[in-house]
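Student: got a predicted structure here, sequence first:
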Amino acid sequence: MPPLPLDHLTILSTNADASAAWYGALLPRLGFERIKTGIWRNANGLYLQFAAAKPDTHPYERHGAGLNHLGFTAPDPVFVHALATHMQDLGHEARLQQFGDGVVALFLPDPDGLRVEVSWYPEGVPPVDGKA
């Protein structure tokens, strides 16, 4: 059986307007197109859906159970640095890191703390190393 493609992720937020503005600044730069309010799609057919969390639910916790972060592969280190500048210019937190294996990584927490990672990997370096 061939592997099943990942077709969508749904992200719930405590402030729909803040999340819409944040993801609206980021997703077009990652190749996503807004299909309609709360729904984005990329050329690979991956959909991201955004909705409001129910009141009185627990917020995202970085090391808690559940989704830790979304990771995207950048075409080159210049892209990573340009995206960091773009998000910082809009007043958003953007943390750049360079790792010993040459990986250039950008970590972007959304308004609820869920991180989006955009990284460039040198040839032969995998995007995951088993350390969450």
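Tutor: In hand now; what should we look at? All values reported here derive from a predicted model rather than from experimental measurement. Residues are numbered from 1 along each chain as shown.

Student: low pLDDT regions in the protein?
Tutor: 130-132 (pLDDT under 70).

Student: sec struct for the closest residue to residue 81 other than its chain neighbours, please.
Tutor: Setting aside the residues directly before and after it, residue 81 is nearest to residue 96 in space (Cβ to Cβ, 6 or more residues apart in numbering), at 7.1 Å. (Each C-beta comes from the backbone N, C-alpha and C, glycine too.) Classification of residue 96 using DSSP: H, G, I helix; E, B strand; the rest coil returns strand.

Student: hey, what's the closest residue to residue 38 other than its chain neighbours bridged with?
Tutor: Excluding its sequence neighbours, the residue lying closest to residue 38 (Cβ to Cβ, 6+ apart) is residue 50, at 4.6 Å. Judged by DSSP bridges, the bridge partners of residue 50 are residue 11.

Student: any idea how far residue 50 lies from residue 27?
Tutor: Applying Cβ to Cβ, to the nearest Å, the value for residue 50 to residue 27 is 10 Å.

Student: same check, this time on residue 88
Tutor: As judged by Cβ to Cβ, residue 88 and residue 27 stand 17 Å apart.

Student: and the two? Which one has more around it.
Tutor: residue 27 (18 against 14; other Cβ atoms under 10 Å).

Student: tell me the SS of that one?
Tutor: Residue 27 carries the three-state label helix when classified by three-state DSSP.

Student: isn't it right up against residue 41?
Tutor: No. The pair residue 27 and residue 41 does not pass the contact test of Cβ atoms under 8 Å, sitting 9.7 Å apart.

Student: okay, and the common contacts of these two?
Tutor: Counting by Cβ atoms under 8 Å, 6 or more residues apart in numbering, the residues touching both residue 27 and residue 41 are residue 48.

Student: now residue 117: which helix or strand?
Tutor: In the assignment (DSSP states H and E), residue 117 maps to strand 115-120.

Student: partners of that strand in the sheet?
Tutor: strand 69-73 (parallel), strand 104-109 (antiparallel).
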